[in-house]
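Undergrad: 3D model of this:
(chains A, B, C and D)
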There are 2 protein chains.
Amino acid sequence: MATPATPFRRRVRAPGRLSAARRNARRLDSHLAEKVDVRELSHLEQLVTTSEPDRHPNEWQVATAYLGLVPSDLDPGLPSDTSWHPADNLPETAFDHGAIISAGRERLRAKLSYTNIGFALAPHAFSISELRDLYTAGLEHEVSATNLQRVLLRRELLEATGELRASGPSGGRPAALYRFRSRMLSITDQFAVLRPPGQHG
Amino acid sequence: MATPATPFRRRVRAPGRLSAARRNARRLDSHLAEKVDVRELSHLEQLVTTSEPDRHPNEWQVATAYLGLVPSDLDPGLPSDTSWHPADNLPETAFDHGAIISAGRERLRAKLSYTNIGFALAPHAFSISELRDLYTAGLEHEVSATNLQRVLLRRELLEATGELRASGPSGGRPAALYRFRSRMLSITDQFAVLRPPGQHG
DNA sequence: GCAAAAGTGTTCTGGCTACACCCATGG
DNA sequence: CCATGGGTGTAGCCAGAACACTTTTGC
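TA: Residues are numbered from 1 along each chain as shown, chains lettered A, B, ... in the order given. Model (predicted):
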């Protein structure tokens, strides 16, 4: 996937500003909300905290990075000084921001395997191939819709809604729609791993 | 394993004090060192940062928890107001400390599967059954020395030193000694998982 | 009919677990 | 010689990957 319109994106630093994902450590709910409406985030978890004693002349500053996920059918508005960037086409980043972004992607990648975190990326109802695209982007490797469907059904993470999506202008069988059984993050399969193609397993 | 003398332990709060693992966020090297000599830690990684705006009347306090590992053949000295506790027989913990400790154990458990982090728990040279005890404690489930040996050799994490450990007073074949090939933490097998017994796979 | 997209049936794989068996030492 | 602890050989298992094939739509 060459990430044309990667379905998940991550807040990064806009020129001259800290993004919402990197505010000074203060009360989370009141300050992340300055940039993105936290209520639109389907998942939020802490990544790392860095202290940068040199930045400010009189006091140590502590910055905490968060990973926030947004369902693919939402596009939260941002203030004009902040913007979205596809995760694999980021502008230059300063300091350790590159490492933090890697950590975020890595965290998502891992949790896609053994938790139901997909619910945080997906709309309430979706076809398997739509979900496949989300997993492909999150896992950073190709995923087969065929197998994804069976893995997630076997694990009982998904259930069919009974609805069908009308087929597109070029035809094709209408897709059955599914939803996540639960929208609470939980470790559903402690030891499960989704491997990239070519890594037989 | 009912944890008789669990070979890994974790700093926890002693009455009326924060342990070294939970100091206020300041420069790490200078403040963890107040309690434990950081140079004795074979591994140190950040867990979570919590801000507790209510604790101090005039300022927000930010506390960062770390997971530090010590090789099983060392026993770092502590100040008299601090002490070691076996991880599954802890004194009462306050606030979110219980969750933080779980997070630490969980982190170790996960990394034992897909990294070479065992080097941080083990002495420089060890027998497989000694290592097995460390893995058993860290993974929190029984581990077969037989299979552990082969898994870690196949992954090329271990190498034989060529030395033998003299057999004990009750006899038994002398154990071959091994060492970790590398003592730098690295993700050696991204998709590997060590499962508990009874979870065929 | 034919292309496109979705879905099903089935086989294959490989890393890990399980288990039977062999080796070296002490007393 | 036998108990004890260490080590090897090999079979079994199963989640998930691979792939062939069937179903449903648009034109």
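Undergrad: you'd agree residue A:105 is up against residue A:140?
TA: Yes: A contact is recorded between residue A:105 and residue A:140 when judged using CB atoms under 8 Å, the distance being 7.1 Å. Glycine gets a C-beta too; all of them are placed from N, C-alpha and C.
Undergrad: quick one, phi psi at the most centrally placed residue in chain A?
TA: Of all residues in chain A, the one closest to the mean position by CA atoms, centre = their mean is residue A:69, 4.3 Å from it. Dihedral pair for residue A:69: phi -110, psi 150, per degrees, to the nearest 10.
Undergrad: so what's it bridging to?
TA: Assessed by DSSP bridges, residue A:69 has beta-bridge partners residue A:43.
Undergrad: pLDDT weak spots in chain A?
TA: Low-confidence regions of chain A, defined by pLDDT under 70, span residues A:1-35, A:53-58, A:200-201.
Undergrad: where exactly do the helices run in it?
TA: With DSSP state H as the definition, chain A shows helices at residue ranges A:28-32, A:97-114, A:128-139, A:145-154.
Undergrad: dump the residue contacts of the residue nearest to the centre of chain A.
TA: Residue A:69 makes contact with A:8, A:41-44, A:108, A:117, A:120-121 under the criterion CB atoms under 8 Å, 6 or more residues apart in numbering or on different chains.
Undergrad: possible to save the helices of chain A as JSON lines with distance to DNA strand D and mean neighbour count?
TA: Listed next are those as JSON lines, based on distance: least, CB to the nearest atom of the strand, whole Å; neighbours: other CB atoms under 10 Å in any protein chain shown:
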{"stretch": "helix A:28-32", "distance to DNA strand D": "33", "mean neighbour count": "14"}
{"stretch": "helix A:97-114", "distance to DNA strand D": "7", "mean neighbour count": "18"}
{"stretch": "helix A:128-139", "distance to DNA strand D": "9", "mean neighbour count": "21"}
{"stretch": "helix A:145-154", "distance to DNA strand D": "4", "mean neighbour count": "16"}
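Undergrad: need the ones you listed in CSV with distance to residue B:48, can you?
TA: Converted to CSV, the helices of chain A look like this (distance: least, CB to CB, whole Å):
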stretch, distance to residue B:48
helix A:28-32, 13
helix A:97-114, 13
helix A:128-139, 22
helix A:145-154, 29
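Undergrad: can you tell me how far residue A:185 is from DNA strand C?
TA: From residue A:185 over to DNA strand C the distance is 25 Å, taken as CB to the nearest atom of the strand, to the nearest Å.
Undergrad: my read: that residue touches residue A:114, true?
TA: No: contact status for residue A:185 versus residue A:114: not in contact, 11.2 Å apart, counting by CB under 8 Å.
Undergrad: quick one on the thing from earlier: out of the contacts of residue A:69, the closest to DNA strand C would be?
TA: Each of the contacts of residue A:69 was checked against DNA strand C using CB to the nearest atom of the strand; the closest is residue A:121, at 17.2 Å.
Undergrad: ok, the closest one to residue A:185 distance?
TA: Separation of residue A:121 from residue A:185 (CB to CB, to the nearest Å): 12 Å.
Undergrad: which one of the two is surrounded by more residues?
TA: residue A:121 (24 against 16; other CB atoms under 10 Å in any protein chain shown).
Undergrad: find the nearest non-adjacent residue to the more buried one, please.
TA: Nearest residue to residue A:121 in three dimensions, chain neighbours excluded: residue A:134, at 4.6 Å (CB to CB, 6 or more residues apart in numbering or on different chains).
Undergrad: same question for residue A:96.
TA: The spatial neighbour of residue A:96 that comes closest, neighbours along the chain excluded (CB to CB, 6+ apart), is residue A:50 at 6.2 Å.
Undergrad: what about residue A:42, neighbour count?
TA: When neighbours are counted by other CB under 10 Å, residue A:42 comes out with 17.
Undergrad: could you tell me which residues of chain A lie near DNA strand D?
TA: When proximity is defined as CB under 7 Å from any atom of the strand, chain A approaches DNA strand D at A:144, A:146-148, A:150-151, A:154-155, A:164, A:166-167, A:169-174, A:189, A:192-195, A:197-201.
Undergrad: can you flag the buried ones in those?
TA: Neighbour counting over those (16 or more other CB atoms under 10 Å in any protein chain shown) leaves A:148, A:151, A:193-194 as the buried ones.
Undergrad: can you list those in a markdown table and add distance to chain B?
TA: Conversion of those to a markdown table gives the following (distance: CB to the nearest CB, whole Å):
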| residue | distance to chain B |
| --- | --- |
| A:148 | 16 |
| A:151 | 14 |
| A:193 | 5 |
| A:194 | 8 |
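Undergrad: farthest-apart pair in the residues you listed, please.
TA: A:148 and A:193 (13.7 Å; CB to CB).
Undergrad: what about residue A:97, distance to DNA strand C?
TA: Counting by CB to the nearest atom of the strand, the separation of residue A:97 from DNA strand C is 33 Å.
Undergrad: what about that residue, distance to chain B?
TA: From residue A:97 across to chain B, the span is 16 Å (CB to the nearest CB, to the nearest Å).
Undergrad: cool, residue A:155 as well?
TA: 14 Å.
Undergrad: wait, isn't that residue in contact with residue A:189?
TA: Yes: with contact taken as CB under 8 Å, residue A:155 and residue A:189 are classed as touching, separated by 5.6 Å.
Undergrad: which residue sits closest to residue A:76, ignoring its sequence neighbours?
TA: Counting by CB to CB, 6+ apart, the residue nearest residue A:76 is residue A:40, at 4.5 Å.
Undergrad: the nearest residue to residue A:112 once chain neighbours are set aside and residue A:172, how far apart?
TA: Closest residue to residue A:112 apart from its sequence neighbours, by CB to CB, 6+ apart: residue A:138 at 5.0 Å. Counting by CB to CB, the separation of residue A:138 from residue A:172 is 25 Å.
Undergrad: before we move on, what about residue A:165?
TA: Residue A:165 sits 10 Å away from residue A:172, going by CB to CB.
Undergrad: now do residue A:157
TA: If you go by CB to CB, the gap between residue A:157 and residue A:172 works out to 25 Å.
Undergrad: burial of the closest residue to residue A:180 other than its chain neighbours, as a residue count?
TA: Distance criterion CB to CB, 6+ apart; nearest residue to residue A:180, sequence neighbours excluded, is residue A:119 at 3.8 Å. Residue A:119 sits with 23 neighbouring residues when counted by other CB under 10 Å.
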